[in-house]
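Asks: Give me a 3D structure for the following:
(chains A and B)
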Amino acid sequence: MLSVKDIDVYYGNIHALKGLSLEVNEGEIVTLIGANGAGKSTLLKTLSGLLKPKAGTIHYLNSSIVGKPAQTIVKAGISHVPEGRRVFANMTVEENLELGAYTRKDKKGIAEDLAKIYETFPRLLERRKQLSGTLSGGEQQMLAMGRAIMSKPKLLLLDEPSMGLAPLMVQTIFQVIDDINKQGTTILLVEQNANMALSVANRAYVIETGRVILSGTAKELQASEEIKMAYLGGHV
Amino acid sequence: MEWIQQLVNGISLGSIYALIALGYTMVYGIIKLINFAHGDVFMVGSFVGFYSIVGLGLDFFTALVLAMIFCAIFGVLIERIAYKRLRNATRIAALITAIGVSLLIENGFIFTWGPQPKAFPDIIANGSFEILGAKISIKSILILSISITLMVILQFIVHKTKIGKAMRAVSHDNEAARLMGINVDNTISATFAIGSALAGAAGVIFGLYYTKIDPLMGIIPGIKAFVAAVLGGIGIIPGAMVGGLVLGVIETFVNASGFSLWRDAAAFVILILILIFRPNGIFGKNTREKV
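Replies: Residues are numbered from 1 along each chain as shown, chains lettered A, B, ... in the order given. As a prediction, this is how the structure comes out:
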């Protein structure tokens, strides 16, 4: 579904991605793990069109999306939930969700999807007229995810969905990620909480300083001594 | 009841400032630029109104609509030609460009059509009526109703329409707005179009009220509207409306109480006071700049 080959991306003067390649197949949950500054968020921003690679190719559903503007990529079915949620704090919960459907014209379908999101996240329904800046971190994460789903994505990019959330909320969010995937949306997940990420993912890539250093099924990586040491808080 | 009369005058003058201030504040909200050419768009609107009435023989309302359309296009052209390429430049570079555009429009206008003032045609009846002993002119009521109508339409656009929601999203978080599939360039252009149309309308009703228009007429009302926008809290739409009205009323009362020479100074005194005591304006939140 998504095929990234040898991309080089610069973030200002920093060479953030160095010849990175990866594949995401339809229906999968693929997770990227790696330390802060490894280039995970940069990769997502490149996929959603916020950054342009200096070299390399990105193919999505058999057509190249390198250098396409963000709005074209959203229309093609890739939706990105950015790190730190980035909800529109000056607007209500419902207005945020409506903006998620900005590229869509099917009024009926939009209304149905809105109802579905309120079903998945009853908390958002309770607060639909509230300014989104007044929500808790967990609620904002739900809103950011709901907003992204409103564009009817085929591929959902999630950047650190569990960041700063209470353990119980993390459970809820990961449950939702699993549900979204079961309903047919492919997911590329960036996560600091590698344990949690590997428990829902099919496959994983380990990224270090802009390169893929290891990849495999989630089970393989969970079993790998090297990964346990570096990312899963394992003991020697 | 002299003061009621002055209050009505102040409110109608203030509503003109408010219309201009809205353009300043909307543009600032979305690209953090003080568009100093905005006062000149107001001037152009006034002249389009003048030529529509005198040259084309149109009625007042058609002239008003024509001036708004013309200014909307003019505003978008200014943005596309002068400001768009500076999106990622420093803010001071954009600010200096705005001043340059302002000088270009003023002097280009004088060069092409001459510096002579024109007498704006008096096409609205000069009648007045009395309420509680105050003489209220029909013109001030007309100005006030046009301004209020336009502000209600603006509120509707900003809060209920798709483009309005996109404008608010871009002004809050440009990058997140792009992730929604919002075309940021078009949204910025739409903001310039709406702000400039309001300035064009202000130009026409200003001509009607003050009867004399000239190529440099945009400078002082432009600066005062900027003060009004800062007074209300720059980037905040209701702030610009309230700031404009407050400024108009204060100015009229300063004028009426025998200090007519101090009329223009009032705006600047207010600017200095607001910058000292409440730099975020009436509606602005106290936010500290993050470092």
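
Asks: From the contact counts, what lies against the helix or strand containing residue A:112?
Replies: Using DSSP states H and E, residue A:112 sits within helix A:107-120. Judged by 3 or more C-beta pairs under 8 Å, 6 or more residues apart in numbering or on different chains; DSSP states H and E, helix A:107-120 is in contact with helix A:93-100, helix A:122-126, helix A:137-149. (C-beta placed from N, C-alpha, C; glycine too.)

Asks: now it against helix A:137-149, angle please.
Replies: 150 degrees (axes from the mean of the first three to the mean of the last three C-alpha atoms, to 10 degrees).

Asks: quick one: residue B:70 is in a helix?
Replies: Yes: assessed with DSSP: H, G, I helix; E, B strand; the rest coil, residue B:70 lies in a helix.

Asks: taking the mean pLDDT, what do you get for the helix holding residue A:112?
Replies: For helix A:107-120, the mean pLDDT works out to 95.

Asks: which stretches of the stretch 1-150 of chain B form helices?
Replies: B:2-31, B:38-54, B:60-78, B:91-113, B:138-160 (DSSP state H, counting those that start in this stretch).

Asks: re the thing from before, compare the helices and strands packed on helix A:107-120 and report which one is nearest to chain B.
Replies: helix A:93-100 (4.9 Å; C-beta to the nearest C-beta).

Asks: Quick one: work out the angle between that closest one and helix B:138-160.
Replies: 70 degrees.

Asks: With just CA atoms, put helix A:93-100 into PDB.
Replies: Extracted as PDB, the C-alpha positions of helix A:93-100 are listed here (Å, rounded to 0.1, in the frame of the first residue of the first chain):
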ATOM      1  CA  VAL A  93     -15.200  19.800  19.600                       C
ATOM      2  CA  GLU A  94     -17.800  19.500  16.800                       C
ATOM      3  CA  GLU A  95     -16.100  22.200  14.700                       C
ATOM      4  CA  ASN A  96     -12.800  20.300  15.000                       C
ATOM      5  CA  LEU A  97     -14.500  17.200  13.800                       C
ATOM      6  CA  GLU A  98     -16.100  19.000  10.900                       C
ATOM      7  CA  LEU A  99     -12.700  20.400   9.900                       C
ATOM      8  CA  GLY A 100     -11.500  16.800   9.700                       C
END
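
Asks: Now do the helix or strand hosting residue A:188: distance to the chain's middle.
Replies: Applying DSSP H and E as the criterion places residue A:188 in strand A:186-190. Its chain's C-alpha centre and that of strand A:186-190 lie 5 Å apart, by C-alpha atoms, centre = their mean, to the nearest Å.

Asks: next one: stretch A:130-139
Replies: With C-alpha atoms, centre = their mean, you get 20 Å for stretch A:130-139.

Asks: While we're on residue A:62, how confident is the model there?
Replies: 89.

Asks: Now mean neighbour count too, for the helices of the stretch 1-150 of chain B, in TSV please.
Replies: Listed next are those as TSV, based on neighbours: other C-beta atoms under 10 Å in any protein chain shown:
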stretch	mean neighbour count
helix B:2-31	24
helix B:38-54	26
helix B:60-78	20
helix B:91-113	15
helix B:138-160	16
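
Asks: For chain A, name the helix or strand with the lowest mean pLDDT.
Replies: Least confident helix or strand, chain A: helix A:225-231 with a mean of 78, by mean pLDDT, DSSP states H and E.

Asks: Return it as PDB; C-alpha atoms alone will do.
Replies: The C-alpha coordinates for helix A:225-231 follow below in PDB (Å, rounded to 0.1, in the frame of the first residue of the first chain):
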ATOM      1  CA  GLU A 225      17.400  -9.400  23.400                       C
ATOM      2  CA  GLU A 226      18.800  -6.400  21.800                       C
ATOM      3  CA  ILE A 227      15.400  -4.700  21.600                       C
ATOM      4  CA  LYS A 228      14.500  -5.600  25.100                       C
ATOM      5  CA  MET A 229      17.700  -4.000  26.300                       C
ATOM      6  CA  ALA A 230      17.400  -0.800  24.300                       C
ATOM      7  CA  TYR A 231      13.700  -0.100  24.100                       C
END
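
Asks: re earlier: chain A is nearest to which of the helices of the stretch 1-150 of chain B?
Replies: Closest approach to chain A among these is made by helix B:138-160 (8.8 Å; C-beta to the nearest C-beta).

Asks: Does chain A have contacts with the closest one?
Replies: No: taking C-beta under 8 Å from any C-beta of the partner chain as the criterion, helix B:138-160 and chain A are apart, separated by no less than 8.8 Å.

Asks: mind listing what the residue nearest the centre of chain A touches?
Replies: Centroid-nearest residue in chain A, with C-alpha atoms, centre = their mean: residue A:158, separated by 1.4 Å. Residue A:158 makes contacts with A:81, A:145, A:177, A:187, A:188, A:189, A:190, A:191, as judged by C-beta atoms under 8 Å, 6 or more residues apart in numbering or on different chains.

Asks: any idea which of those is closest to residue B:190?
Replies: Set against residue B:190, the nearest of those by C-beta to C-beta is residue A:81 (26.5 Å).

Asks: And the closest one, how far from chain B?
Replies: Distance from residue A:81 to chain B, counting by C-beta to the nearest C-beta, to the nearest Å: 8 Å.

Asks: Could you do residue A:133 as well?
Replies: According to C-beta to the nearest C-beta, residue A:133 and chain B sit 9 Å apart.

Asks: what's the burial count for the nearest residue to that residue once chain neighbours are set aside?
Replies: Distances taken as C-beta to C-beta, 6 or more residues apart in numbering or on different chains place residue A:89 nearest to residue A:133, at 3.0 Å, with adjacent residues excluded. Using other C-beta atoms under 10 Å in any protein chain shown, residue A:89 has 15 neighbouring residues.

Asks: Test my guess that residue A:89 contacts residue A:144.
Replies: No: if you go by C-beta atoms under 8 Å, residue A:89 and residue A:144 don't touch, sitting 11.6 Å apart.
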